[in-house]
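Student: next come a sequence and a model predicted from it.
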2 protein chains.
Amino acid sequence: MRPLIHKNLPLETEGAAVFIPPASMGVVEYLYGPGVEETLDFVVRQVVQSPEKRVLMVLGSCQVRYQGRARSFLDWGERILIVKEDGTSIIHQPSGREPVNWQPHGARATYLLQDRLFTVHVVHRKNRERMAVSFKKIEMVFAARMDDRARVQIVGMERDIVDKIMENPELIEPGLRITQREKKTRSGLIDLFGYDRHHVPVVIEVKRSQATISAAQQLRMYVTDLKRGNDKARIRGILCTPRIPEMVCRLLDDYGLEYREFGWQHQLFDDQQTSLEDY
Amino acid sequence: MRPLIHKNLPLETEGAAVFIPPASMGVVEYLYGPGVEETLDFVVRQVVQSPEKRVLMVLGSCQVRYQGRARSFLDWGERILIVKEDGTSIIHQPSGREPVNWQPHGARATYLLQDRLFTVHVVHRKNRERMAVSFKKIEMVFAARMDDRARVQIVGMERDIVDKIMENPELIEPGLRITQREKKTRSGLIDLFGYDRHHVPVVIEVKRSQATISAAQQLRMYVTDLKRGNDKARIRGILCTPRIPEMVCRLLDDYGLEYREFGWQHQLFDDQQTSLEDY
DNA sequence: CGTGCCAGGTGCCAT
DNA sequence: ATGGCACTTGGCACG
C-alpha cells in the first residue's frame, strides 16, 4: 500500500567495518517508514553517537506523557517530534502555533524501546520535569546538522518606543524633560521618569500593544511609591500605548492618571516590497 | 578523526525522487535535496492541489522577513519551516523552544519562485501581517497527512487549584466559606470570594506558580475596589501561591494582605512509573 | 542562580 | 470581534 518510494537503507553496509565520510557530508540523514528498531538504531547512530550536534525529527503516531510543573496525557495521534541541539523538545500537532507538549532547553533526551514502542524520554533535571513520547508507528525520521548563526533583528519593540520618546520627549507633550530610564521603585521599574514644563514629576509607562488593567495598576503603584514620604506631592502618571479599552480608561481616570495614544502607527503592512530593507 | 558512521545517502539518486503518486497515497511524500523548481513543483502538487489537508515541512537554508505588529529580518541560516493545516506557520532554528518567526492560525501560504529562491509568503489578512521565507538551498521537503484528533489532558492548572479550594475551603483556613468565583470588579475578576469564620469578607487570588508583584497589586486593587463606598470596612485579601519572593512578601505586608502557601506540592516528578495513569 | 518584565507573546473563554 | 487572563508561558537582562 506504500507508494513506490525507494527506501534509503543501505542494509548491505550495516555494521560494515570502515567507512570514511567524505569531506562534504550531507547535512541530513533519514529513514522513510522505518520500524521501531530501525528507528532506534538510526537515532543512536545519527544523533546520540554523532560527533556533531544534530537536530532530530520524528513523524509518526505517538502518545505523550508529561509530569513536572503540571501533569498531562496525550492519546494516540500523528505528530511531529523535534529534539533540538540544546535539548529543547517540542511536539507539534497538525494545527496550532504552540507545541502540544515540550521540554525547554537544557533537557536531555534518551531513546529506547519500550513495549515495542520507540520511546523518547526527555528529562529536565533542573526543572524536575520529564516527558515521554512513545511511537507505535514511524512515518519518517531524520537527523540534520543545522548551521544557523543568525539572530533575528526586530524593530517595533517596547524598547524602540522608549528610545523614540527619550530622543524626543515632545512627542508626549511640550516641555517634557526625561531624566531617568528604568528608574527603580519598590513596586518595580519605571519605564521613563522626568518632569513636565511646570517641573512636576512625571512617570511614564510604555506599552507596545493594547493597554491592560495590569499596566494601569503598575503605573498607579509607581506613582504611589514615589509619593511616599511626602504624600500630597503632585506626581503625574502617563500610560503610553497605541490603544486602550474603555475599562482601563475608566481605571486611569479613577486613579487620576493620564493616557497618551502612542504606538508604532506602523504602515508596516501596506508597503510590501521595500519596507523591510531600511534598517 | 571522524568516527565510523555509515552514511545513509543514496548518492545515486541525489537531487531526485520524483514519482507519480498512486491512488492510495502514503501519509508522507518527500524529496531529498531537491532544487528550487522541484520543490515548488512538489509543494504545488502535494500541498496546494492536494485533496486532503497536508502539513508541509521544509528543511534548508533560508532568509525570513516579517512585517505586522513589528518588523523583523532574519539572515541566512538552516532552519525548519512547518506550514500546518490551519495556516499556522513556524520557523525553527536548531535551538530554542520558540519559533524564530511564525504566523498564527488563519494565515494563508502561497508558494513561488523569486530570484531563483523558493519562497513562501504567509499572509494573515485579518491581523494585517505577512512573513516571507526564501530558501536558497533545500535539504529536504516533505508533505504529510496527519491524523490527530486527540487533545491533551492537563492536571495542575490554576483552575484545578481553584476547584480544590472551592470543594474544601478549610484548606485555606477553618471556617472559610466561599460564595463566589470569578467575581467581577472594576479592576478585574476575583478568583474566589467568600467570608471567614467571623463573617469578614475574603478575597482570594490564586496563582499556580510563583507569586509576582503584579499578583499582589491585583489583589490589592480587588480589595480596594470592594471597600469602595464604605471605606473603613474590613476586607481580607489572601494571595494563594506555592512560592513567594521576598519583595512580594513585603508588598503584601505593606498592603495589609495575607499569603497562604498553597500549591500542587506535586510529587509529580518522583514517582515515575504509574503516576500518570491515575486521572 | 533568582527576580523582574517584555513578547510580533498564544490560547481560551467570556460578553 | 473585543476583552480579560492564564500559561508546563519563554526569553532576556540584571543584580
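Tutor: Alright, I've got the coordinates. Numbering: from 1, shown residues only, chains lettered A, B, ... in the order given.
Student: all strands of chain A, in order?
Tutor: Applying DSSP state E to chain A gives strands spanning A:28-32, A:55-67, A:71-83, A:89-92, A:101-103, A:108-114, A:117-124, A:129-144, A:153-155, A:177-185, A:188-195, A:201-206, A:236-241, A:258-261.
Student: let me have those in a markdown table, extended by mean pLDDT and distance to chain B.
Tutor: (C-beta placed from N, C-alpha, C; glycine too.) As requested, the strands of chain A are exported to a markdown table (pLDDT from 0 to 100; distance: least, C-beta to the nearest C-beta, whole Å):
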| stretch | mean pLDDT | distance to chain B |
| --- | --- | --- |
| strand A:28-32 | 96 | 5 |
| strand A:55-67 | 98 | 4 |
| strand A:71-83 | 98 | 3 |
| strand A:89-92 | 98 | 6 |
| strand A:101-103 | 98 | 6 |
| strand A:108-114 | 98 | 11 |
| strand A:117-124 | 98 | 9 |
| strand A:129-144 | 97 | 5 |
| strand A:153-155 | 95 | 4 |
| strand A:177-185 | 92 | 10 |
| strand A:188-195 | 93 | 6 |
| strand A:201-206 | 96 | 13 |
| strand A:236-241 | 96 | 13 |
| strand A:258-261 | 94 | 16 |
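Student: among those, which is nearest DNA strand C?
Tutor: Nearest to DNA strand C among the strands of chain A is strand A:188-195; the distance by C-beta to the nearest atom of the strand comes to 2.3 Å.
Student: what residues does the stretch 101-250 of chain A put near DNA strand D?
Tutor: Counting by C-beta under 7 Å from any atom of the strand, the stretch 101-250 of chain A comes close to DNA strand D at A:101-105, A:129, A:131, A:210, A:212-214, A:243, A:245-248.
Student: would you check which pair of those residues lies furthest apart?
Tutor: For those, with distances taken as C-beta to C-beta, the pair at the greatest spread is A:M131 and A:E246 (42.5 Å).
Student: more neighbours: which of the two?
Tutor: A:M131 (23 against 7; other C-beta atoms under 10 Å in any protein chain shown).
Student: so that one touches A:R65, yeah?
Tutor: Yes. Taking contacts as C-beta atoms under 8 Å, A:M131 lies within contact range of A:R65: 7.0 Å.
Student: ok, now which ones touch whatever residue of the stretch 1-150 of chain A ends up closest to DNA strand C?
Tutor: Using C-beta to the nearest atom of the strand, A:R97 is the residue of the stretch 1-150 of chain A that sits closest to DNA strand C, at 3.2 Å. Residues in contact with A:R97 (C-beta atoms under 8 Å, 6 or more residues apart in numbering or on different chains) are B:88, B:90, B:99, B:102, B:104-105.
Student: ok, and of those, which contact chain A?
Tutor: With C-beta under 8 Å from any C-beta of the partner chain as the criterion, the contacts of A:R97 include B:88, B:90, B:99, B:102, B:104-105 near chain A.
Student: nearest spatial neighbour of A:L112, skipping sequence neighbours?
Tutor: Using C-beta to C-beta, 6 or more residues apart in numbering or on different chains and skipping the chain neighbours, the partner closest in space to A:L112 is A:T119 (5.5 Å).
Student: from A:K53, how far out is that neighbour?
Tutor: Using C-beta to C-beta, to the nearest Å, A:T119 is found at 22 Å from A:K53.
Student: more neighbours: which of those two?
Tutor: Legend: neighbour count by other C-beta under 10 Å for A:T119 and A:K53, higher for A:T119 (19 against 13).
Student: I'd say the more buried one and A:L113 touch.
Tutor: Yes. When contacts are counted by C-beta under 8 Å, A:T119 is listed as touching A:L113 (6.9 Å).
Student: residues from the stretch 151-279 of chain A in reach of DNA strand C?
Tutor: So far as C-beta under 7 Å from any atom of the strand goes, the stretch 151-279 of chain A lies against DNA strand C at A:154, A:156-159, A:187-189, A:191, A:207-209.
Student: number of residues surrounding A:Q180?
Tutor: Counted with other C-beta under 10 Å, residues neighbouring A:Q180 total 12.
Student: now for it: which residues touch it?
Tutor: A:190, A:192-194.
Student: redo that, cut-off 6 Å
Tutor: Going by C-beta atoms under 6 Å, 6 or more residues apart in numbering or on different chains, A:Q180 touches A:F193.
Student: map the structural domains onto the sequence of chain A.
Tutor: A:11-15+A:25-144, A:158-261 (automatic domain parsing).
Student: looking at the stretch 151-279 of chain A, what residue ends up closest to chain B?
Tutor: A:G156 (3.1 Å; C-beta to the nearest C-beta).
Student: give me phi/psi at that residue?
Tutor: The phi and psi values for A:G156, taken as degrees, to the nearest 10, are phi 110, psi 20.
Student: distance of A:C240 from A:R260?
Tutor: A:C240 is 5 Å from A:R260, by C-beta to C-beta.
Student: out of those two, which sits in the busier spot?
Tutor: A:C240 (26 against 15).
Student: that one reaches A:R208, doesn't it?
Tutor: No. A:C240 is beyond contact range of A:R208, at 9.7 Å (criterion: C-beta atoms under 6 Å).
Student: angle of the lengthiest helix in chain A against strand A:177-185?
Tutor: In terms of residue count, the longest helix belonging to chain A (DSSP state H) is helix A:213-227. Orientation of helix A:213-227 against strand A:177-185 (axes from the mean of the first three to the mean of the last three C-alpha atoms, to 10 degrees) gives an angle of 100 degrees.
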